[in-house]
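**Student:** could you work out the structure for the sequence below:
(chains A and B)
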Amino acid sequence: MVNKLLKIDKKWQKAWEDKKAFKVKEDPKKKKYYVLEMYPYPSASFLHMGHVRNYTIGDIYARFKRMQGFNILYPMGYDSFGLPAETAAKKEGIHPKKYAESSIKKIMEYQKALGNSYDWSRILSSHDVNYYKWNQYFFLKLFEKGLTYRKNAPVNWCEKCQSVLANEESEGGKCWRCDSEVVQKPLEQWFFKITAYADRLLNDLNKIDWPEKIKLMQKNWIGKSHGTEILFKINNENWPIFTTRADTIYGVTFMVISAQHPKLFDLVTKEQKKDVDSFLKKLKTVSKEELEELEKEGVFTGSYAINPITKEKVPVYAGNFVIADYGSGMVMAVPAHDQRDFEFAKKYNIPIKIVIIPEKELIKEDDMINRMFLEIKKINELMQKNKIKVWFNGTFGVIGHSKKIFIKPRDVDFGVLEKDYEKAKKLLVGLGYSKIEEKENEKFKYTSYKYEDLFLEVGTFDHDLGNEVANIKGITYPIPNARWLAECYEITKNKERRQGRGDDFSALLLGLLSGSMKEAFTGNGTLINSKEFNGTNNLDAIEEITKHLEKLKLGKKVTQYKLRDWMISRQRYWGTPIPIIYCDKCGVVPVPEKDLPVTLPEKVKFDTGNPLSTNKEFVNVKCPKCKGPGRRETDTMGGFVDSSWYFIRFCDNTNKKQPFDKKKANYWMPVDQYIGGAEHAVMHLMYARFFVKALKDLGIVSFDEPFSKLFNQGIVYKDGAKMSKSKGNVVYQTEISEKYGIDTARLFLMSIAAPDAVMEWRDEGVESSFKFINKVITYYENVKLGKSSEKVESKLNKTIKEVTEDIESFNYNIAIIKIRKLFESFNKEESKNTLEPFLKLFHPFCPHITEELWSKLKNKEFLSLEDWPKADLKKINEKFEQEDKLIDNLTEDINNVVRIIKEKGNEPKKVFIYTIPKEKEIYSNEIESIKLRTTLDVEVFAVNDPKKHDPQNKAIKSKPGKPALYLE
RNA sequence: GCGGGAAUGUCAGAGCGGUCAAAUGAGCUGGCCUAAGAAGCCAGUAGCUUAGUGCUUACGCAGGUUCGAAUCCUGCUCCCCGCACCA
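**Tutor:** Coordinates of the predicted model:
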C-alpha cells in the first residue's frame, strides 16, 4: 500500500509538472487571487514538519480558490541572501553563492515532493543579479526622493557576526541570530526614512484584514504618542525637551540627558569632564534579564537648566536610562511622579517635589468601612453567642497611625467586661486575629466605660502617598487616610486655617511625604504646588499647561513615534551592494542608473572585517561625476530590502528591463492571502508595507498595501520546544512521506489542530490519517457505481456547504472531520454524483490520491483544475440527520440491554422493536443497518399491531423517538 | 511593568447561552474476524444505578447575571506569546 501511495505521489507530481497545470498568466476576464507563503530562507537543505504545515496551509487555500474559479497566482521563491550562507562559507570554505544555490536545489526538490500547486515558472532568488539589481534601482529612486540618507549613528553591533544589527534584530541587548551580546558603536550607516510614513503605516492598518494581534504589535511598534515639547534654557541655549507629562512641570527637580546623546559634551563642564568620561566608560549594553535590575545611574554634567515656568535652576545629569534617539534624548525629571526619575533622585539625593495628589474619588472609603463594619459585626455575633457583653458606640470608621491600623475610630468605643477579657481574647484569636493589644490609651478618650478597652490590631498599613493600603488578614484594601490629604488640600486652596496645622500645607506635605515615599505616584489626581494650576485635574492640566507654554512660546504640542528609521547597511558580503560611490571631491555620489547593476564580485576574502573591501577592483572606481578616483560603498543591504518587494517580482519574474511590468503588477497585486509566521510581525511586514507605500508615491505601483489578508500559522513544537534543527527536535518531511506518502502527512498536520494553533508534534496520530486514506482508496476501488440514496445526497450537500465555509475561514481541522463523516455515510453503491464531489472536497487536503481516484473514475482532466462543488440546498434534508440519530439511539439502547442481559448469563438472539405507528417506517427501513450494528435478528412492529410478538408487554413503554424493546 | 491570548474528559483538540457527559482523533478495555494478527470491523471509555432508566458530580478557582452557562459578566490563580528604562 505504501509503495502504491508513493507511486501515486510521484505520478501526479510529474503529471502536473509536465502539463504545467498550475502555470498562470494575467487574464482580465478572470478574477485573480494571489496566495503567497513567506518565501523561505534556504539555509537548511531539508524540510521539517513546521515547513510542511506552513506550505500545506497555503496549498490547500490555493487549490481551493483555484477550484472556485479564481485565476490563482501561487509562486515560490528563495530569500537566498543573508548571513547563514556567509557563515557557512566561513566555516566550511564554500562560497556563499555555491552554498545558497545548492541549498535551493535541495529545498526545491523537497518542496516539489510536497505536491504543492506552485507555478514553478515564476521562481526567483534574491541573490540573482536580475533580482537584486532592482534593489539598487529602488535604493536610488528612494535616494532621489530623499527617503534614503546616511548618518553617523550609534548602532547595535554584534561582535560575533561582525555586523550592525537593526533595532528589530537586537533582542533586548542580544543578537537575534547568535544570541551574543550587542554593543553600541558609532558608524556611518544608510537608512530608509520609514518614519516619514509612520502615520500612514498606522492609519492604514484599518484597511487590511490581518490578525488583530499583528496589527496591535505594529501599532505598538510605531508607538505614536502625543506630548509637549518644552524649551529649557541650558547655558543660554534652548533645548527642546519632549514630555507626555506637561502637567508635572512644577515638579521638575533635575534633567537627564542620554549618555549616548551626540551633544552631550556641549553640556559637560571642565570640572565634570573627568567624571563624565569615567561614567561613559562604565556603560555597556545589557541583556533582557539584567534590564530589570539595572540601576539608574548617572553623573552630573556641571550644567544647569532653567525651568521655563518656574525659572528654577535644576542640575543636568547624564544618565544611562534615557534613550538617545527617542524624543529629544533628554528628559525633564519629575521624581515624585515618575518611577525612574524617583529611583535616580533617591540615589543621588535630589529633592522630590510632589505636584499631584490623588483625588477623593479614588479612595474607596465606604468599601473599607463596610468591611470593617462586617468584621465588627462578626465579632459582635460571636461575643453574643458566648454571652459576653460588648459595647459599641457611635459610627465605625478606621484610624491609622504609625504602621498599625486599629478598629478604633473617632468616637467609637468597644469594650468588654473585665471578667470576660480572657475569654474574649481567646475567641478573637479563634477568629484569626493573631495579635491583640491591650493598652491604656491616652490618645483616645473613652469616657463612657470604665472597662478595659480591647484594641484589635487587625493589620498594618503603609502611609505613603497615594498608595495607602491596609493589609488586613492578608487582604489589601485601599485606606481612606488619603482623605486627610485631600482635606489638607482643600484648606490650602481655600486659604483656610485650621488650628494646629501649618499655613503652607504644600510644604508640610512635601516634608511629610517625600521623606517617606517608597515609589513615585504615577496615577492621576489633582495638582498642588503648581501656582495657578493648583486644583486642576492633572489630565486637564496637560492641555492647559501646554497651551500656556505655547502662549509664552516656550513649548508646543508634538507627536512622537517609537518607530525609528530603517537601517539597511550591513557590513557583510552576501547581500545587495549599495550603489554608492564616495569621491573626495564630490562626496557621496549615487551610481547612475545606467551603470546598474553593481554586481557582487565573487572574489573576496572572508577572514577579517568587511569582505567586499578586500576586492580592490570592486572598491576602486572612478567617480561618476568628476571621473576622479572614487571608492565604492562596501556595505551591503540587509535582507529585509529583498523581502520588501519580492511578492511584486513574482508577477513578472523574468523582466530584464524593469523590476516588473506595471500592468502585470497591478493585475495581481496586492497579495490576497499571505501566510507566514507571526515572528515577522514588526520587521518584514512593516518594511514591506513601507516599501510598497514608497513605491506608490514614486508612481511605480498603484496599490499601497502589499497584503490584504494575513494568516499566521501556528508553530510546531516537539518536546516542548519549537521544531528547529539547532534544537535537534526535528521531524523531517521524508520521515513521514516515505513511510505513508505525502498526503498522509498533509492530512495529519491539518487534522491535528487548527492551522493557527500551536501544536505539539506526536507520531501517534499519523496512523489514523494513513488508515483513512487507505480506506478511501479501497472504497473507491470496490464501490459499485449506481444510484445514491437521498440520504447520502443530503449529507453531501450539507457537507459541501459547510466545508466550503470552513476552508474559507481556515478551519481546516473541522472541514476534515466533516469530510470524514461524509465518507462514513457512503454505501456500497454510490453514483458518480456523490463520488466525484467527495473527491473534490477532499482534494485540497490530499491532492495526489484524489487525483488518482478521479482518473480512475474515467476522468481525463485534472481534478486540480475542476470546479469546486456547489451545494444544492434543496437536497439538504434535516430529516435524514434526525433519523440517523434515532437509529443511533436505538442501537445504543439495544446494545445496552444486550450487555445487561449477557451479564446475567443469557444470550439474546433476537430483538423486537415496538415503535409508535408513525415511526414504524423509519425503523423498518433501517432494519439492515440495525442488524449490522447489533448482530441480532431484528423485527419491527408498530405498537398497535395486533399480531406483534410481545410476551412481556414491553410495547407500552414506547415513546415518540424512543421505541420499546424486547429481547429474547 | 505594559499589552495580547489561553485554561475543556487519559492525551491532543472542537464547542462559545438551551439540542452538551461535550465533535473528531489518539490511547486504553472488551468483542468479532483470523492459523495468527501489528490489518480490518464493532462496542465501551466520570461515578452510582437500571432491561433500553434515573441520579450525582464535571469544561482552571471563587462569585454573579439568567428560567437555563463550558459558553456571558466580575475577581483570582496558572500558563503561553509579544513589547519593554519610549519620558
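**Student:** can you give me the helices for the stretch 1-150 of chain A?
**Tutor:** Under the criterion DSSP state H, counting those that start in this stretch, the stretch 1-150 of chain A contains helices at A:2-18, A:49-67, A:83-92, A:96-112, A:129-144.
**Student:** in the third one, what counts as buried?
**Tutor:** Of the residues in helix A:83-92, those buried under the neighbour-count criterion (16 or more other CB atoms under 10 Å) are A:83-89. Any C-beta I mention is one placed from the backbone N, CA and C, and that applies to glycine too.
**Student:** residues near the residue of the stretch 451-600 of chain A at minimum distance from RNA strand B, how many?
**Tutor:** Closest residue of the stretch 451-600 of chain A to RNA strand B, CB to the nearest atom of the strand: A:Lys562 (3.5 Å). Number of residues near A:Lys562 (other CB atoms under 10 Å) recorded here: 16.
**Student:** pretty sure it is in a strand, no?
**Tutor:** No. Counting by DSSP: H, G, I helix; E, B strand; the rest coil, A:Lys562 is located in no strand; its state is coil.
**Student:** settle this for me: it is touching A:Gly223, isn't it.
**Tutor:** Yes. The criterion here is CB atoms under 8 Å, and A:Lys562 meets it with A:Gly223 at 2.8 Å.
**Student:** distance from the host helix or strand of A:Leu549 to the middle of the chain?
**Tutor:** Assigned by DSSP states H and E, A:Leu549 belongs to helix A:538-551. With CA atoms, centre = their mean, to the nearest Å as the basis, helix A:538-551 stands 36 Å off its chain's centre.
**Student:** over to stretch A:845-853?
**Tutor:** The answer for stretch A:845-853 is 36 Å, by CA atoms, centre = their mean.
**Student:** how about stretch A:341-350?
**Tutor:** From the chain centre to the centre of stretch A:341-350 is a distance of 36 Å (CA atoms, centre = their mean).
**Student:** out of the helices of the stretch 1-150 of chain A, which comes closest to RNA strand B?
**Tutor:** Nearest to RNA strand B among the helices of the stretch 1-150 of chain A is helix A:2-18 (12.1 Å), distances taken as CB to the nearest atom of the strand.
**Student:** same question for the closest one, mean pLDDT?
**Tutor:** Helix A:2-18 comes out with an average pLDDT of 90.
**Student:** okay, now whichever residue of the stretch 851-968 of chain A sits closest to RNA strand B: neighbour count?
**Tutor:** Going by CB to the nearest atom of the strand, RNA strand B is nearest to A:Asp893 of the stretch 851-968 of chain A, at 2.8 Å. Other residues lying near A:Asp893 total 16 when counted by other CB under 10 Å.
**Student:** got it, and A:Ile123?
**Tutor:** If we define neighbours as other CB under 10 Å, then A:Ile123 has 18 of them.
**Student:** can you list the residues of the stretch 501-650 of chain A near RNA strand B?
**Tutor:** Counting by CB under 7 Å from any atom of the strand, the positions of the stretch 501-650 of chain A adjacent to RNA strand B are A:560, A:562.
**Student:** point out where the stretch 451-600 of chain A drops to low pLDDT.
**Tutor:** For the stretch 451-600 of chain A, applying pLDDT under 70 flags the ranges A:451-518.
**Student:** repeat the analysis, applying 80 as the threshold.
**Tutor:** A:451-526, A:528-529, A:534-535 (pLDDT under 80).
**Student:** all helices of it, in order?
**Tutor:** According to DSSP H, counting those that start in this stretch, the stretch 451-600 of chain A carries its helices in the segments A:482-494, A:505-509, A:515-516, A:538-551.
**Student:** picking that back up, now render the buried residues of helix A:83-92 as JSON lines, adding distance to RNA strand B.
**Tutor:** Shown next, in JSON lines, are those (distance: CB to the nearest atom of the strand, whole Å):
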{"residue": "A:Leu83", "distance to RNA strand B": "19"}
{"residue": "A:Pro84", "distance to RNA strand B": "20"}
{"residue": "A:Ala85", "distance to RNA strand B": "24"}
{"residue": "A:Glu86", "distance to RNA strand B": "24"}
{"residue": "A:Thr87", "distance to RNA strand B": "23"}
{"residue": "A:Ala88", "distance to RNA strand B": "25"}
{"residue": "A:Ala89", "distance to RNA strand B": "29"}
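**Student:** quick one: which of those residues is nearest to A:Arg122?
**Tutor:** Distance to A:Arg122 across these (CB to CB) is lowest for A:Ala85, with 22.6 Å.
**Student:** can you pull the pLDDT of the closest one?
**Tutor:** You'll see A:Ala85 listed with a pLDDT of 79.
**Student:** A:His949 now?
**Tutor:** Per the predicted model, pLDDT is 82 at A:His949.
**Student:** A:Gly638 too?
**Tutor:** The model's pLDDT for A:Gly638 equals 89.
**Student:** which strand or helix spans the spatially most central residue of chain A?
**Tutor:** In chain A, the residue lying closest to the centroid (CA atoms, centre = their mean) is A:Lys213, at 4.7 Å. Per DSSP H and E: A:Lys213 is located in helix A:212-222.
**Student:** could you do A:Thr744 as well?
**Tutor:** A:Thr744 belongs to helix A:742-752, assigned by DSSP H and E.
**Student:** partners of the next helix-or-strand element following that helix, with directions?
**Tutor:** Sequence-wise, the next helix or strand downstream of helix A:742-752 (DSSP H and E) is strand A:759-760. If you go by DSSP bridges, strand A:759-760 pairs up with strand A:716-718 (parallel).
**Student:** buried set for the partner strand?
**Tutor:** Burial within strand A:716-718, assessed by neighbour count using 16+ other CB under 10 Å, is assigned to A:716, A:718.
**Student:** ok, now stretch A:667-687?
**Tutor:** Going by neighbour count (16+ other CB under 10 Å), the buried part of stretch A:667-687 is A:667-676, A:678, A:680-687.
**Student:** longest helix anywhere in chain A?
**Tutor:** Longest helix in chain A, counting residues (DSSP state H): helix A:878-903.
**Student:** for the next helix or strand after that one, packing partners?
**Tutor:** Helices and strands here follow DSSP H and E; after helix A:878-903, the next one along the chain is strand A:910-915. In this structure, strand A:910-915 packs against helix A:920-925, strand A:937-942, strand A:964-967, with contacts taken as 3 or more CB pairs under 8 Å, 6 or more residues apart in numbering; DSSP states H and E.
**Student:** got the contact list for A:Leu73?
**Tutor:** A:Leu73 is in contact with A:24, A:32-36, A:119, A:122, A:650-651, A:668, counting by CB atoms under 8 Å, 6 or more residues apart in numbering.
**Student:** list of residues touching the helix holding A:Leu549?
**Tutor:** With CB under 8 Å, 6+ apart as the criterion, helix A:538-551 contacts A:228, A:230, A:244-249, A:308-309, A:356, A:524-527, A:530, A:533, A:536, A:555-557.
**Student:** just the buried ones from these?
**Tutor:** A:228, A:230, A:245-249, A:308-309, A:356, A:525-527, A:530, A:533, A:536, A:555.
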